[in-house]
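Trainee: sequence and predicted structure below; questions after.
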Amino acid sequence: MRTRLIAVLLALAGVAACQPEDFTNAEKATIASLSLSALPPLPADTTNRVADDPAAAEFGETLFSERRLSRDGTVACATCHLSERQFQDDLPRSVGLGTTDRRAMPLAGVARAPFLFWDGRKDSLWAQALGPLEDAREHGGTRAAYARFVADAFGVRYEKIFGPLPDLADVPAAASPLGSDAERAAWQAMPEEKRREVDTVFANLGKAIAAFERTIVHRPTRFDRFADAIAAGRRPDGDAALTEQEVYGLRLFIGRANCVTCHNGPRFTDDHFHNTGVPPVDGLPEDTGRAAGAKKLLDDPFNCLGIHRDGGEEACAELRFMVKEGEELERAFKTPSLRGAAARPPYMHSGQIATIEDVVDHYVRAPASVSGHSELKPLKMSDRERAALIAFLGTLAE
Amino acid sequence: MNRRSLAYVLLAIAVAVAIGIIGYGMMMTPPDDLDLSRAKASAKGLYAVAIAPEKEPLEQGPLHSWILTLKTADGAPLEGAAISVGGGMPQHGHGLPTQPQATAYLGEGRYRIEGVRFNMSGWWEFKFDIKAAAGDDSVVFNLTL
(Lines give C-alpha, C1' and ligand atoms only; values in the text may rest on other atoms or scores of the structure.)
Protein backbone atom coordinates (compact mmCIF):
# COMPACT_ATOMS: atom_id res chain seq x y z
CA MET A 1 0.00 0.00 0.00
CA ARG A 2 2.71 2.44 1.06
CA THR A 3 4.67 1.89 -2.19
CA ARG A 4 1.59 2.35 -4.30
CA LEU A 5 0.73 5.48 -2.37
CA ILE A 6 4.17 6.96 -2.96
CA ALA A 7 3.86 6.15 -6.65
CA VAL A 8 0.48 7.87 -6.77
CA LEU A 9 1.82 10.94 -4.97
CA LEU A 10 4.87 11.13 -7.22
CA ALA A 11 2.71 10.81 -10.32
CA LEU A 12 0.43 13.55 -9.01
CA ALA A 13 3.43 15.75 -8.41
CA GLY A 14 4.54 15.16 -11.99
CA VAL A 15 7.66 13.19 -11.17
CA ALA A 16 7.99 10.19 -13.41
CA ALA A 17 10.59 8.39 -15.45
CA CYS A 18 10.73 10.14 -18.76
CA GLN A 19 9.10 8.72 -21.83
CA PRO A 20 7.84 10.77 -24.74
CA GLU A 21 4.34 9.47 -24.00
CA ASP A 22 4.48 11.03 -20.54
CA PHE A 23 3.88 14.44 -22.10
CA THR A 24 0.60 15.60 -23.57
CA ASN A 25 0.63 16.63 -27.23
CA ALA A 26 0.41 20.27 -26.17
CA GLU A 27 3.41 19.84 -23.86
CA LYS A 28 5.37 18.08 -26.60
CA ALA A 29 4.63 20.93 -29.01
CA THR A 30 5.78 23.50 -26.45
CA ILE A 31 8.96 21.54 -25.67
CA ALA A 32 9.74 21.23 -29.40
CA SER A 33 9.16 24.97 -29.87
CA LEU A 34 11.91 25.70 -27.33
CA SER A 35 14.59 23.63 -29.07
CA LEU A 36 17.34 25.31 -31.07
CA SER A 37 16.23 22.98 -33.89
CA ALA A 38 13.08 25.12 -34.15
CA LEU A 39 15.12 28.24 -34.86
CA PRO A 40 14.51 29.44 -38.45
CA PRO A 41 17.52 30.53 -40.56
CA LEU A 42 18.85 33.96 -39.57
CA PRO A 43 16.93 36.50 -41.68
CA ALA A 44 18.94 38.82 -43.93
CA ASP A 45 19.52 42.34 -42.61
CA THR A 46 18.87 44.51 -45.66
CA THR A 47 19.65 47.65 -43.63
CA ASN A 48 23.30 46.50 -43.54
CA ARG A 49 24.65 45.62 -46.98
CA VAL A 50 27.72 43.91 -45.47
CA ALA A 51 25.76 41.95 -42.83
CA ASP A 52 26.74 38.59 -44.36
CA ASP A 53 30.06 39.59 -45.96
CA PRO A 54 32.79 37.40 -44.40
CA ALA A 55 35.44 40.13 -44.86
CA ALA A 56 33.22 42.57 -42.99
CA ALA A 57 32.66 40.02 -40.20
CA GLU A 58 36.43 39.52 -39.90
CA PHE A 59 36.98 43.27 -39.81
CA GLY A 60 34.22 43.55 -37.23
CA GLU A 61 35.89 40.91 -35.08
CA THR A 62 39.10 42.95 -35.17
CA LEU A 63 37.23 46.13 -34.23
CA PHE A 64 35.39 44.28 -31.44
CA SER A 65 38.68 43.70 -29.61
CA GLU A 66 40.30 47.01 -30.58
CA ARG A 67 41.04 49.06 -27.46
CA ARG A 68 42.14 52.05 -29.49
CA LEU A 69 38.45 52.55 -30.27
CA SER A 70 38.13 54.43 -26.98
CA ARG A 71 39.05 57.78 -25.49
CA ASP A 72 42.23 56.57 -23.75
CA GLY A 73 42.99 53.30 -25.52
CA THR A 74 41.79 51.04 -22.69
CA VAL A 75 38.26 49.95 -23.63
CA ALA A 76 37.08 47.61 -26.39
CA CYS A 77 33.67 45.97 -26.95
CA ALA A 78 35.39 42.82 -25.67
CA THR A 79 36.15 44.54 -22.34
CA CYS A 80 32.54 43.94 -21.22
CA HIS A 81 31.55 41.26 -23.76
CA LEU A 82 34.08 38.50 -23.02
CA SER A 83 34.00 35.71 -25.59
CA GLU A 84 34.88 33.05 -22.99
CA ARG A 85 32.06 34.28 -20.71
CA GLN A 86 29.10 34.18 -23.13
CA PHE A 87 30.15 37.68 -24.27
CA GLN A 88 29.21 39.28 -20.92
CA ASP A 89 31.28 40.29 -17.89
CA ASP A 90 29.72 38.74 -14.74
CA LEU A 91 29.37 42.20 -13.17
CA PRO A 92 26.14 43.74 -11.85
CA ARG A 93 26.95 46.91 -13.81
CA SER A 94 29.56 47.03 -16.53
CA VAL A 95 32.73 49.06 -16.20
CA GLY A 96 34.26 50.90 -19.14
CA LEU A 97 35.90 54.28 -18.50
CA GLY A 98 33.45 54.49 -15.60
CA THR A 99 30.77 52.31 -14.02
CA THR A 100 27.59 52.19 -16.10
CA ASP A 101 24.00 51.77 -14.89
CA ARG A 102 23.32 48.47 -16.65
CA ARG A 103 24.29 44.82 -16.80
CA ALA A 104 26.12 43.73 -20.01
CA MET A 105 23.95 41.44 -22.13
CA PRO A 106 25.32 38.19 -23.58
CA LEU A 107 25.52 38.21 -27.40
CA ALA A 108 24.53 34.75 -28.66
CA GLY A 109 21.63 35.09 -31.08
CA VAL A 110 21.62 38.87 -30.69
CA ALA A 111 21.19 39.34 -34.45
CA ARG A 112 17.62 38.05 -34.08
CA ALA A 113 16.54 40.72 -31.61
CA PRO A 114 14.35 43.45 -33.13
CA PHE A 115 15.39 45.92 -30.44
CA LEU A 116 18.75 46.18 -28.69
CA PHE A 117 19.73 47.10 -25.13
CA TRP A 118 17.60 46.42 -22.05
CA ASP A 119 15.35 49.34 -23.02
CA GLY A 120 15.37 48.72 -26.79
CA ARG A 121 16.78 52.15 -27.61
CA LYS A 122 18.38 50.82 -30.81
CA ASP A 123 16.66 48.91 -33.62
CA SER A 124 19.61 47.32 -35.41
CA LEU A 125 22.78 45.58 -34.42
CA TRP A 126 24.88 48.12 -36.34
CA ALA A 127 23.20 51.11 -34.70
CA GLN A 128 23.59 49.43 -31.30
CA ALA A 129 27.35 49.12 -31.70
CA LEU A 130 27.63 52.91 -32.07
CA GLY A 131 26.09 53.73 -28.69
CA PRO A 132 28.81 52.49 -26.30
CA LEU A 133 31.58 53.90 -28.52
CA GLU A 134 30.49 57.45 -27.64
CA ASP A 135 29.12 56.85 -24.14
CA ALA A 136 31.31 58.74 -21.64
CA ARG A 137 31.32 55.77 -19.21
CA GLU A 138 32.02 53.14 -21.87
CA HIS A 139 34.48 53.82 -24.72
CA GLY A 140 34.09 57.59 -24.32
CA GLY A 141 35.47 58.58 -27.73
CA THR A 142 34.02 60.59 -30.60
CA ARG A 143 32.97 59.59 -34.10
CA ALA A 144 35.45 62.07 -35.60
CA ALA A 145 38.30 60.44 -33.68
CA TYR A 146 37.11 56.95 -34.71
CA ALA A 147 36.86 57.91 -38.40
CA ARG A 148 40.39 59.31 -38.32
CA PHE A 149 41.71 56.30 -36.42
CA VAL A 150 40.17 53.80 -38.81
CA ALA A 151 41.48 55.68 -41.85
CA ASP A 152 44.91 55.65 -40.25
CA ALA A 153 45.05 52.12 -38.85
CA PHE A 154 42.68 50.14 -41.11
CA GLY A 155 42.25 52.27 -44.25
CA VAL A 156 42.91 49.48 -46.74
CA ARG A 157 40.65 46.95 -45.00
CA TYR A 158 37.89 49.52 -44.63
CA GLU A 159 38.00 50.57 -48.27
CA LYS A 160 37.96 46.98 -49.56
CA ILE A 161 34.64 46.50 -47.79
CA PHE A 162 32.97 49.91 -47.90
CA GLY A 163 34.67 51.77 -50.75
CA PRO A 164 36.71 54.99 -50.61
CA LEU A 165 37.10 56.84 -47.33
CA PRO A 166 36.23 60.54 -47.40
CA ASP A 167 38.93 63.19 -47.03
CA LEU A 168 39.31 63.54 -43.26
CA ALA A 169 42.22 66.00 -43.26
CA ASP A 170 40.12 68.88 -41.90
CA VAL A 171 38.12 66.77 -39.44
CA PRO A 172 38.92 67.72 -35.81
CA ALA A 173 40.71 65.17 -33.61
CA ALA A 174 37.61 64.93 -31.40
CA ALA A 175 34.11 65.94 -32.46
CA SER A 176 30.65 64.53 -31.89
CA PRO A 177 27.09 65.77 -31.34
CA LEU A 178 27.09 63.70 -28.12
CA GLY A 179 30.46 64.61 -26.59
CA SER A 180 31.74 67.24 -24.17
CA ASP A 181 30.97 70.93 -24.75
CA ALA A 182 34.21 71.31 -26.73
CA GLU A 183 33.52 68.17 -28.79
CA ARG A 184 29.99 69.31 -29.57
CA ALA A 185 31.26 72.76 -30.56
CA ALA A 186 33.87 71.19 -32.82
CA TRP A 187 31.12 69.07 -34.42
CA GLN A 188 28.88 72.07 -34.99
CA ALA A 189 31.78 73.93 -36.62
CA MET A 190 32.19 71.19 -39.25
CA PRO A 191 30.45 71.66 -42.62
CA GLU A 192 27.25 69.61 -42.84
CA GLU A 193 28.65 67.54 -45.73
CA LYS A 194 31.70 66.60 -43.65
CA ARG A 195 29.53 65.67 -40.68
CA ARG A 196 27.52 63.37 -42.90
CA GLU A 197 30.69 61.74 -44.23
CA VAL A 198 32.00 61.12 -40.73
CA ASP A 199 28.60 59.73 -39.70
CA THR A 200 28.77 57.34 -42.65
CA VAL A 201 32.22 56.02 -41.64
CA PHE A 202 30.96 55.72 -38.06
CA ALA A 203 27.85 53.80 -39.17
CA ASN A 204 30.05 51.52 -41.31
CA LEU A 205 32.14 50.61 -38.26
CA GLY A 206 28.86 49.55 -36.64
CA LYS A 207 27.97 47.55 -39.74
CA ALA A 208 31.27 45.64 -39.64
CA ILE A 209 30.87 44.92 -35.91
CA ALA A 210 27.29 43.79 -36.59
CA ALA A 211 28.51 41.41 -39.32
CA PHE A 212 30.78 39.82 -36.73
CA GLU A 213 28.07 39.67 -34.08
CA ARG A 214 25.74 37.90 -36.51
CA THR A 215 28.12 34.93 -36.31
CA ILE A 216 27.70 34.59 -32.51
CA VAL A 217 25.11 31.87 -32.00
CA HIS A 218 23.74 29.62 -29.29
CA ARG A 219 25.17 26.11 -29.08
CA PRO A 220 22.84 23.15 -28.47
CA THR A 221 22.55 22.12 -24.84
CA ARG A 222 21.39 18.99 -23.05
CA PHE A 223 17.87 20.43 -23.10
CA ASP A 224 17.94 20.67 -26.92
CA ARG A 225 18.94 17.03 -27.25
CA PHE A 226 16.15 16.12 -24.83
CA ALA A 227 13.58 18.25 -26.68
CA ASP A 228 14.56 16.82 -30.07
CA ALA A 229 14.17 13.28 -28.74
CA ILE A 230 10.74 14.07 -27.28
CA ALA A 231 9.66 15.75 -30.53
CA ALA A 232 10.79 12.70 -32.52
CA GLY A 233 9.02 10.28 -30.15
CA ARG A 234 12.35 8.81 -29.01
CA ARG A 235 13.29 8.05 -25.42
CA PRO A 236 15.77 10.75 -24.33
CA ASP A 237 18.78 8.61 -23.36
CA GLY A 238 22.45 9.25 -22.74
CA ASP A 239 23.49 12.86 -23.32
CA ALA A 240 19.85 13.70 -24.08
CA ALA A 241 18.59 12.53 -20.68
CA LEU A 242 17.17 14.86 -18.08
CA THR A 243 16.89 13.82 -14.44
CA GLU A 244 13.47 13.44 -12.88
CA GLN A 245 14.03 16.71 -11.05
CA GLU A 246 14.93 18.51 -14.29
CA VAL A 247 11.87 17.12 -16.07
CA TYR A 248 9.73 18.25 -13.16
CA GLY A 249 11.29 21.73 -13.49
CA LEU A 250 10.55 21.71 -17.23
CA ARG A 251 6.90 20.87 -16.53
CA LEU A 252 6.70 23.76 -14.10
CA PHE A 253 8.47 26.05 -16.57
CA ILE A 254 5.96 25.36 -19.36
CA GLY A 255 3.05 24.95 -16.95
CA ARG A 256 2.09 26.35 -13.58
CA ALA A 257 5.08 28.70 -13.13
CA ASN A 258 4.15 30.51 -16.38
CA CYS A 259 7.82 31.12 -17.27
CA VAL A 260 7.24 30.16 -20.90
CA THR A 261 4.68 32.92 -21.30
CA CYS A 262 7.53 35.39 -21.88
CA HIS A 263 10.59 33.12 -22.09
CA ASN A 264 9.33 31.42 -25.23
CA GLY A 265 10.74 30.16 -28.52
CA PRO A 266 14.18 28.62 -29.11
CA ARG A 267 15.92 31.64 -27.56
CA PHE A 268 13.66 31.64 -24.49
CA THR A 269 12.63 35.25 -25.03
CA ASP A 270 9.61 36.99 -26.56
CA ASP A 271 11.90 39.93 -27.55
CA HIS A 272 9.50 42.23 -25.73
CA PHE A 273 9.61 44.54 -22.72
CA HIS A 274 7.93 43.77 -19.41
CA ASN A 275 7.66 45.39 -16.01
CA THR A 276 8.34 42.58 -13.56
CA GLY A 277 8.72 44.73 -10.46
CA VAL A 278 12.51 44.53 -10.37
CA PRO A 279 13.51 47.18 -7.81
CA PRO A 280 15.75 50.14 -8.69
CA VAL A 281 19.33 50.28 -7.42
CA ASP A 282 19.95 52.82 -4.66
CA GLY A 283 21.98 55.74 -5.90
CA LEU A 284 21.34 55.26 -9.64
CA PRO A 285 19.29 57.83 -11.58
CA GLU A 286 15.62 57.05 -12.24
CA ASP A 287 15.36 54.36 -14.94
CA THR A 288 12.03 54.15 -16.76
CA GLY A 289 13.23 51.36 -19.06
CA ARG A 290 11.31 51.05 -22.32
CA ALA A 291 9.44 54.34 -21.73
CA ALA A 292 12.70 56.27 -22.19
CA GLY A 293 14.12 53.71 -24.63
CA ALA A 294 11.27 54.12 -27.14
CA LYS A 295 11.72 57.91 -27.14
CA LYS A 296 15.49 57.61 -27.59
CA LEU A 297 14.98 55.24 -30.52
CA LEU A 298 12.56 57.61 -32.28
CA ASP A 299 15.09 60.45 -31.88
CA ASP A 300 18.09 58.38 -33.01
CA PRO A 301 19.52 59.52 -36.38
CA PHE A 302 20.88 55.98 -36.83
CA ASN A 303 17.47 54.30 -36.51
CA CYS A 304 15.98 52.30 -39.38
CA LEU A 305 14.19 55.30 -40.88
CA GLY A 306 17.38 57.42 -40.89
CA ILE A 307 19.69 58.05 -43.84
CA HIS A 308 22.32 55.45 -42.86
CA ARG A 309 20.09 52.46 -43.57
CA ASP A 310 21.00 50.42 -46.65
CA GLY A 311 18.11 48.92 -48.62
CA GLY A 312 14.48 49.94 -48.53
CA GLU A 313 12.18 51.25 -45.87
CA GLU A 314 10.18 48.02 -45.87
CA ALA A 315 12.80 46.70 -43.41
CA CYS A 316 11.57 49.18 -40.79
CA ALA A 317 8.28 47.57 -39.77
CA GLU A 318 9.47 47.01 -36.18
CA LEU A 319 10.08 50.73 -35.77
CA ARG A 320 6.95 51.81 -37.66
CA PHE A 321 4.63 49.65 -35.62
CA MET A 322 6.27 49.79 -32.21
CA VAL A 323 4.33 51.05 -29.19
CA LYS A 324 5.76 54.53 -28.73
CA GLU A 325 4.34 55.60 -25.39
CA GLY A 326 2.02 54.61 -22.56
CA GLU A 327 1.86 53.26 -19.04
CA GLU A 328 2.93 49.76 -20.11
CA LEU A 329 6.38 50.98 -21.13
CA GLU A 330 7.13 52.31 -17.64
CA ARG A 331 9.98 50.30 -16.08
CA ALA A 332 9.53 47.62 -18.73
CA PHE A 333 12.80 45.90 -19.63
CA LYS A 334 13.66 43.36 -22.30
CA THR A 335 13.04 39.68 -21.63
CA PRO A 336 16.54 38.15 -21.59
CA SER A 337 17.24 34.75 -23.11
CA LEU A 338 17.53 32.03 -20.47
CA ARG A 339 20.06 30.05 -22.48
CA GLY A 340 23.21 29.96 -20.38
CA ALA A 341 21.57 32.15 -17.73
CA ALA A 342 22.18 29.69 -14.88
CA ALA A 343 25.92 30.18 -15.46
CA ARG A 344 25.96 33.97 -15.51
CA PRO A 345 24.83 35.64 -12.31
CA PRO A 346 24.06 38.35 -11.31
CA TYR A 347 20.66 38.96 -12.85
CA MET A 348 18.32 41.69 -14.11
CA HIS A 349 19.02 44.92 -16.00
CA SER A 350 21.23 46.44 -13.33
CA GLY A 351 22.42 43.23 -11.68
CA GLN A 352 19.92 43.71 -8.84
CA ILE A 353 19.57 40.00 -8.01
CA ALA A 354 22.68 38.06 -7.07
CA THR A 355 21.65 34.41 -7.47
CA ILE A 356 19.28 32.29 -9.52
CA GLU A 357 17.61 31.19 -6.25
CA ASP A 358 16.81 34.82 -5.51
CA VAL A 359 15.50 35.30 -9.05
CA VAL A 360 13.01 32.46 -8.57
CA ASP A 361 12.11 33.94 -5.19
CA HIS A 362 11.43 37.30 -6.88
CA TYR A 363 9.01 35.68 -9.33
CA VAL A 364 7.28 33.74 -6.54
CA ARG A 365 6.81 36.85 -4.39
CA ALA A 366 5.97 39.15 -7.32
CA PRO A 367 6.62 42.46 -5.56
CA ALA A 368 4.88 45.62 -6.80
CA SER A 369 6.85 47.93 -9.08
CA VAL A 370 8.03 51.33 -7.81
CA SER A 371 6.39 52.83 -10.88
CA GLY A 372 4.18 51.41 -13.60
CA HIS A 373 2.62 48.00 -12.95
CA SER A 374 4.34 44.66 -12.58
CA GLU A 375 2.88 41.96 -14.81
CA LEU A 376 3.77 39.27 -12.25
CA LYS A 377 1.27 37.53 -10.00
CA PRO A 378 2.38 35.76 -6.82
CA LEU A 379 2.95 32.01 -7.16
CA LYS A 380 2.65 29.23 -4.62
CA MET A 381 5.80 27.19 -4.97
CA SER A 382 7.41 24.75 -2.58
CA ASP A 383 11.16 24.52 -1.97
CA ARG A 384 11.15 21.29 -3.96
CA GLU A 385 9.49 23.00 -6.91
CA ARG A 386 11.89 25.93 -6.80
CA ALA A 387 14.85 23.54 -6.79
CA ALA A 388 13.37 21.68 -9.78
CA LEU A 389 12.93 24.88 -11.76
CA ILE A 390 16.55 25.84 -11.09
CA ALA A 391 17.71 22.34 -12.03
CA PHE A 392 15.86 22.68 -15.34
CA LEU A 393 17.50 26.05 -16.06
CA GLY A 394 20.83 24.27 -15.62
CA THR A 395 20.04 22.09 -18.64
CA LEU A 396 20.11 25.26 -20.78
CA ALA A 397 23.64 26.07 -19.65
CA GLU A 398 25.61 22.92 -20.41
CA MET B 1 -7.70 -1.48 3.25
CA ASN B 2 -7.35 -0.39 6.85
CA ARG B 3 -8.42 2.93 8.27
CA ARG B 4 -4.91 4.36 8.21
CA SER B 5 -4.43 3.56 4.51
CA LEU B 6 -7.80 5.08 3.77
CA ALA B 7 -6.69 8.25 5.54
CA TYR B 8 -3.56 8.36 3.35
CA VAL B 9 -5.62 7.93 0.19
CA LEU B 10 -8.03 10.67 1.24
CA LEU B 11 -5.08 12.92 2.01
CA ALA B 12 -3.57 12.17 -1.39
CA ILE B 13 -6.85 13.04 -3.10
CA ALA B 14 -7.07 16.29 -1.12
CA VAL B 15 -3.51 17.19 -2.11
CA ALA B 16 -4.26 16.38 -5.74
CA VAL B 17 -7.38 18.54 -5.72
CA ALA B 18 -5.46 21.38 -4.06
CA ILE B 19 -2.66 21.12 -6.65
CA GLY B 20 -5.28 21.09 -9.38
CA ILE B 21 -7.02 24.19 -8.04
CA ILE B 22 -3.80 26.13 -7.52
CA GLY B 23 -2.56 24.94 -10.90
CA TYR B 24 -5.73 26.13 -12.62
CA GLY B 25 -5.59 29.49 -10.91
CA MET B 26 -1.97 30.06 -11.90
CA MET B 27 -2.10 28.70 -15.43
CA MET B 28 -4.42 31.50 -16.52
CA THR B 29 -6.10 29.13 -18.94
CA PRO B 30 -8.45 30.91 -21.33
CA PRO B 31 -12.14 30.52 -20.39
CA ASP B 32 -13.69 27.39 -21.91
CA ASP B 33 -16.57 29.25 -23.51
CA LEU B 34 -14.54 31.84 -25.45
CA ASP B 35 -16.08 32.78 -28.77
CA LEU B 36 -13.19 32.10 -31.15
CA SER B 37 -15.09 32.88 -34.34
CA ARG B 38 -13.30 35.05 -36.87
CA ALA B 39 -16.47 36.54 -38.36
CA LYS B 40 -19.14 38.39 -36.42
CA ALA B 41 -21.34 41.47 -36.32
CA SER B 42 -19.90 44.62 -34.73
CA ALA B 43 -21.14 45.53 -31.24
CA LYS B 44 -24.05 47.72 -32.41
CA GLY B 45 -24.71 45.52 -35.40
CA LEU B 46 -23.75 48.17 -37.98
CA TYR B 47 -21.16 46.07 -39.77
CA ALA B 48 -20.30 42.48 -40.57
CA VAL B 49 -16.63 41.95 -39.75
CA ALA B 50 -14.29 39.09 -40.63
CA ILE B 51 -10.58 38.68 -39.90
CA ALA B 52 -7.92 36.33 -41.23
CA PRO B 53 -4.14 36.29 -40.92
CA GLU B 54 -2.54 37.08 -44.26
CA LYS B 55 -0.50 33.88 -43.91
CA GLU B 56 -1.51 30.67 -42.18
CA PRO B 57 -0.61 29.19 -39.80
CA LEU B 58 -0.76 31.99 -37.27
CA GLU B 59 2.63 32.14 -35.55
CA GLN B 60 3.61 33.40 -32.13
CA GLY B 61 6.53 35.82 -32.39
CA PRO B 62 6.98 37.27 -35.89
CA LEU B 63 5.50 40.58 -37.01
CA HIS B 64 2.73 39.83 -39.51
CA SER B 65 -0.38 41.18 -41.23
CA TRP B 66 -4.09 40.42 -41.11
CA ILE B 67 -6.88 41.07 -43.59
CA LEU B 68 -9.97 42.73 -42.10
CA THR B 69 -13.09 42.46 -44.23
CA LEU B 70 -15.92 44.94 -43.57
CA LYS B 71 -19.44 44.83 -44.94
CA THR B 72 -22.45 46.95 -44.19
CA ALA B 73 -25.46 45.34 -42.52
CA ASP B 74 -26.99 44.71 -45.97
CA GLY B 75 -23.87 42.89 -47.16
CA ALA B 76 -22.23 45.60 -49.34
CA PRO B 77 -18.42 46.01 -49.07
CA LEU B 78 -17.57 48.91 -46.77
CA GLU B 79 -15.13 51.35 -48.39
CA GLY B 80 -13.35 54.30 -46.85
CA ALA B 81 -13.64 53.18 -43.23
CA ALA B 82 -11.23 54.64 -40.66
CA ILE B 83 -9.96 51.76 -38.57
CA SER B 84 -8.01 51.79 -35.35
CA VAL B 85 -6.59 48.60 -33.91
CA GLY B 86 -6.11 47.60 -30.27
CA GLY B 87 -6.37 44.64 -27.96
CA GLY B 88 -4.28 42.79 -25.44
CA MET B 89 -4.27 39.93 -22.97
CA PRO B 90 -7.16 40.24 -20.51
CA GLN B 91 -5.58 37.75 -18.08
CA HIS B 92 -2.29 39.62 -17.98
CA GLY B 93 -3.70 43.14 -17.98
CA HIS B 94 -1.64 44.43 -20.88
CA GLY B 95 -2.22 45.56 -24.43
CA LEU B 96 -0.74 44.51 -27.74
CA PRO B 97 3.08 44.56 -27.90
CA THR B 98 2.89 46.60 -31.13
CA GLN B 99 0.69 49.33 -32.55
CA PRO B 100 -0.85 47.75 -35.67
CA GLN B 101 -2.33 49.99 -38.35
CA ALA B 102 -4.66 49.67 -41.32
CA THR B 103 -2.14 50.47 -44.07
CA ALA B 104 -3.98 49.68 -47.33
CA TYR B 105 -7.44 49.26 -48.79
CA LEU B 106 -7.40 46.16 -50.97
CA GLY B 107 -10.89 46.48 -52.49
CA GLU B 108 -14.13 44.58 -51.78
CA GLY B 109 -14.23 45.83 -48.20
CA ARG B 110 -10.80 44.34 -47.42
CA TYR B 111 -8.18 46.24 -45.40
CA ARG B 112 -4.62 45.17 -44.63
CA ILE B 113 -3.75 45.42 -40.94
CA GLU B 114 0.04 45.59 -40.61
CA GLY B 115 2.37 45.35 -37.64
CA VAL B 116 0.65 42.64 -35.59
CA ARG B 117 2.62 40.52 -33.13
CA PHE B 118 1.49 38.07 -30.48
CA ASN B 119 4.55 37.60 -28.31
CA MET B 120 3.03 35.40 -25.61
CA SER B 121 0.90 32.28 -25.50
CA GLY B 122 -2.62 32.47 -24.11
CA TRP B 123 -5.82 34.43 -24.69
CA TRP B 124 -5.60 37.58 -26.81
CA GLU B 125 -8.28 40.11 -27.62
CA PHE B 126 -8.04 41.79 -31.02
CA LYS B 127 -10.17 44.97 -31.21
CA PHE B 128 -11.16 47.15 -34.13
CA ASP B 129 -12.83 50.55 -33.93
CA ILE B 130 -14.58 51.33 -37.17
CA LYS B 131 -15.62 54.80 -38.29
CA ALA B 132 -17.68 55.07 -41.47
CA ALA B 133 -20.71 56.87 -42.92
CA ALA B 134 -23.18 54.45 -41.30
CA GLY B 135 -21.75 55.26 -37.83
CA ASP B 136 -19.03 54.36 -35.39
CA ASP B 137 -18.87 50.81 -34.13
CA SER B 138 -16.38 48.36 -32.72
CA VAL B 139 -15.74 44.65 -32.58
CA VAL B 140 -13.63 42.36 -30.40
CA PHE B 141 -12.27 38.99 -31.55
CA ASN B 142 -10.74 36.37 -29.27
CA LEU B 143 -7.64 34.44 -30.29
CA THR B 144 -5.77 31.76 -28.40
CA LEU B 145 -2.13 30.91 -29.03
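Mentor: Yes, it's here. Numbering: from 1, shown residues only, chains lettered A, B, ... in the order given.

Trainee: need the strands for chain A, in chain order.
Mentor: Assigned by DSSP state E, the strands in chain A fall at A:273-274, A:333-334.

Trainee: what about residue A:159, distance to residue A:150?
Mentor: Residue A:159 is 10 Å from residue A:150, where distance means CB to CB, to the nearest Å. Where C-beta positions appear, they are placed from N, C-alpha and C, glycine not excepted.

Trainee: neighbour count for the two, which is higher?
Mentor: Neighbours around residue A:159 and residue A:150, counted as other CB atoms under 10 Å in any protein chain shown, are more numerous at residue A:150. The numbers are 25 against 12.

Trainee: look at the residue nearest to that one when sequence neighbours are not counted and say how many residues are nearby.
Mentor: Excluding its sequence neighbours, the residue lying closest to residue A:150 (CB to CB, 6 or more residues apart in numbering or on different chains) is residue A:158, at 5.6 Å. Look at residue A:158: counted by other CB under 10 Å, it has 22 neighbours.

Trainee: rewinding a little: joint contacts of residue A:159 and residue A:150?
Mentor: Residues touching both residue A:159 and residue A:150 (CB atoms under 8 Å, 6 or more residues apart in numbering or on different chains): residue A:165.

Trainee: could you look up the SS state of whichever residue of chain B sits closest to chain A?
Mentor: Relative to chain A, the nearest point of chain B is residue B:115 (2.6 Å; CB to the nearest CB). At residue B:115, secondary structure determined by DSSP: H, G, I helix; E, B strand; the rest coil is strand.

Trainee: surely residue A:220 meets residue A:38?
Mentor: No. If you go by CB atoms under 8 Å, residue A:220 and residue A:38 don't touch, sitting 11.7 Å apart.

Trainee: tell me which stretches of chain B form helices.
Mentor: Using DSSP state H, the helices found in chain B span residues B:3-27.

Trainee: picking that back up, hang on, isn't the residue nearest to residue A:150 packed against residue A:204?
Mentor: Yes. Contact criterion CB under 8 Å: residue A:158 and residue A:204 qualify, at 7.3 Å.

Trainee: so for the residue in the stretch 201-350 of chain A that chain B sits nearest to, what's the pLDDT?
Mentor: Chain B sits closest to residue A:321 of the stretch 201-350 of chain A, with a gap of 2.6 Å, by CB to the nearest CB. Per-residue confidence for residue A:321 comes out at a pLDDT of 98.

Trainee: around chain B, which positions in chain A sit nearby?
Mentor: Within chain A, the positions adjacent to chain B are A:1, A:5, A:8-9, A:12-13, A:30, A:114, A:255-258, A:260-262, A:264-265, A:270-272, A:317-318, A:320-324, A:326, A:328, A:373, A:375, A:377, A:379-380 by CB under 8 Å from any CB of the partner chain.

Trainee: show me which of those are buried.
Mentor: By neighbour count, with 16 or more other CB atoms under 10 Å in any protein chain shown, the residues of chain A next to chain B hold A:8, A:13, A:30, A:114, A:255-258, A:260-262, A:264-265, A:270-272, A:317-318, A:320-323, A:328, A:373, A:375, A:379 as buried.

Trainee: now the longest helix along chain A: how far from the chain's centre is it?
Mentor: Criterion DSSP H: the longest helix present in chain A is helix A:192-213. Distance of helix A:192-213 from the chain centroid (CA atoms, centre = their mean, to the nearest Å) equals 22 Å.

Trainee: how about the contacts made by residue B:128?
Mentor: Applying CB under 8 Å, 6+ apart to residue B:128 gives the contacts B:49, B:51, B:68, B:83, B:84, B:85, B:86, B:138, B:139.

Trainee: ok, and the closest non-adjacent residue to residue 78?
Mentor: Defaulting to chain A. Spatial nearest neighbour of residue A:78, excluding adjacent residues (CB to CB, 6+ apart): residue A:65 at 4.5 Å.

Trainee: can you look at chain B instead?
Mentor: Using CB to CB, 6+ apart, the closest residue to residue B:78 is residue B:70 (3.9 Å).
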